[in-house]
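Asker: Got a predicted structure plus its sequence, pasted below:
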Amino acid sequence: MDTVTDLSLREIGLAASKVLGRTVEVTHDTHIGRDLAVDSLALMNIVMELEDTFDISIPLDRLASVETTGDLSKLINDLRTKA
């Protein structure tokens, strides 16, 4: 795994911890809904945290295909390289 992915995974974990009010450990395969017990509102709050952290805008239609933190990390990295 490359450093950029590691960084965004770490930031996803930090954002999830902040929003959920508990320490969250994530790996590339962590399922956002099932493993983190994140509902749509919490996910939106996590996404807003990540948008601020990375200074990007994550389109809602792109979020529909995101199931794992690895998917979210890849989406963030794709958006960052296009920015």
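Answerer: Right, received. Where do you want to start?

Asker: At which residues are the strands of the protein located?
Answerer: Secondary structure of the chain (DSSP state E): no strands located.

Asker: Helices of the chain, start to end?
Answerer: 3-20, 32-36, 40-54, 60-63, 69-82 (DSSP state H).

Asker: tell me, how many neighbours does the closest residue to Asn45 other than its chain neighbours end up with?
Answerer: Leaving aside its sequence neighbours, Asn45 sits nearest to Val19 (Cβ to Cβ, 6 or more residues apart in numbering; 4.4 Å). All C-beta atoms are positioned from the backbone trio N, CA, C, and that covers glycine. Per other Cβ atoms under 10 Å, the neighbour tally for Val19 reads 20.

Asker: Model confidence for Val19, exactly?
Answerer: On pLDDT, Val19 comes in at 97.

Asker: surely it meets Ala42?
Answerer: Yes. With contact defined as Cβ atoms under 8 Å, Val19 reaches Ala42; the gap is 5.5 Å.

Asker: thinking again about what came up before, redo the helices of the chain as JSON lines? Include distance to Val26.
Answerer: Listed next are the helices of the chain as JSON lines, based on distance: least, Cβ to Cβ, whole Å:
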{"stretch": "helix 3-20", "distance to Val26": "4"}
{"stretch": "helix 32-36", "distance to Val26": "7"}
{"stretch": "helix 40-54", "distance to Val26": "11"}
{"stretch": "helix 60-63", "distance to Val26": "16"}
{"stretch": "helix 69-82", "distance to Val26": "4"}
